[in-house]
Structures are given as structure tokens and as C-alpha cells.
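Engineer: Let's see this in three dimensions:
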Amino acid sequence: MFFWFAGLAFLTVVVVFGSAAIDYRLVMLGAVLPTAEHLWGGPWAMHTLLFAAGAMSVIMIGARGRRLVQRKWLGFAIGIFLNLVFAGSWRLTSLFWWPGFGMEFGMFAREFAGVTLDERSASPSIRGIRFSVIFGRFR
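Structural biologist: Model (predicted):
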């Protein structure tokens, strides 16, 4: 799933923003960061709107008055938001809006309908690589 999120985030940001000022490496890093939670058995905090909004707030407040730093690191927060969309985190209300519907995380690993680390994970990653290569040739 790594290449699915990285490739699709890159493609989406290029098509939507088309700006040379965006650091696409940080966008892709932000898009794949929440998948690290699956190594510990879950989607948890990184698959919530609170985490994505918190990351954006830290970037914007932490770099207040330094517009170029904000612009560079904003791509990281955009990548996290894109992961929420691509992983389908919004389909589970209790996960997406955590902690608004309770503080438990254990139920998410069983109910999550998005990213899994099993044999089905290869197909979206292959598609992500293909999108990146094809789009990279025409850019």
C-alpha cells in the first residue's frame, strides 16, 4: 500500500495544485506516514481528522511569520489529509471523528475497511507505481 498512497498523493497534488513550490517528497511522506500504524495492529490516531488537523496547526503555528517554511511543510499535512481520503478512514465515523465518539482504539483494527497488510495490498501498490511512472513521463 506504500506506493498506492505515495503515487496517488503525488498525482493528486500535481493535478490539483500544479505548483513548483510544493515539495512533493513531503506530500508523499505525509501520505504514507499513517500506514505505519498497521505495523502495530491498527489504524489508530493517525487515521483521525484530529491528527491531520493537528499536524496542519503545528506547521502553521510553529512556522508563524516564516512563509516559505510554512509553504514547504504544508505539503506534509496535505499528504496526511489525502491518506484519510485514499484509505477510506471517513467511512468509520468513530475512527474519523475520534475522540468525539469514544476513546477506544481496539475496535478499529477489526472494523477498518481500508488498508490491510496482507496479500491484497500488492494490487493498489502496483497501480500507484504505474500512475506515478505514467504521469511522470508526461509532466
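
Engineer: Only C-alpha atoms from now on, for both contacts and neighbour counts.
Structural biologist: Fine.

Engineer: What count of nearby residues applies to residue 17?
Structural biologist: Residues near residue 17, counting by other Cα atoms under 10 Å, number 10.

Engineer: now do residue 20
Structural biologist: Residue 20 has 8 neighbours, counted by other Cα under 10 Å.

Engineer: What confidence value was assigned to it?
Structural biologist: Model confidence at residue 20, expressed as pLDDT, equals 79.

Engineer: again with residue 119
Structural biologist: What the model reports for residue 119 is a pLDDT of 41.

Engineer: Give me the contact list for the longest helix seen in the chain.
Structural biologist: Secondary structure of the chain per DSSP state H: the longest helix is helix 67-87. Contacts to helix 67-87, defined as Cα atoms under 8 Å, 6 or more residues apart in numbering, come from residues 5, 9, 21-24, 26-34, 47-49, 52-53, 55-56, 59-60, 63-64, 90, 114-115.

Engineer: what's the answer for stretch 15-31, then?
Structural biologist: The contact list for stretch 15-31, computed with Cα under 8 Å, 6+ apart, reads 5-7, 9-10, 13, 71-73, 75-83.

Engineer: run the last query once more with 6 Å
Structural biologist: Defining contact as Cα atoms under 6 Å, 6 or more residues apart in numbering, one finds that stretch 15-31 is touched by 5, 6, 72, 75, 76, 79, 80, 83.

Engineer: Can I get those in CSV including distance to residue 40 and neighbour count?
Structural biologist: Supplementary listing: the contacts of stretch 15-31 in CSV, determined by distance: Cα to Cα, whole Å; neighbours: other Cα atoms under 10 Å:
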residue, distance to residue 40, neighbour count
5, 19, 30
6, 20, 27
72, 30, 16
75, 26, 24
76, 22, 26
79, 21, 30
80, 19, 31
83, 18, 27
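
Engineer: Taking those residues together, which two end up most distant?
Structural biologist: Across those, no pair lies farther apart than 5 and 72, at 19.5 Å, counting by Cα to Cα.

Engineer: related to what we said a few turns ago, quick one: buried ones out of the contacts of helix 67-87?
Structural biologist: Using 16 or more other Cα atoms under 10 Å as the burial test, the contacts of helix 67-87 include 5, 9, 22-24, 26-34, 47-49, 52, 55-56, 59-60, 90, 115 as buried.
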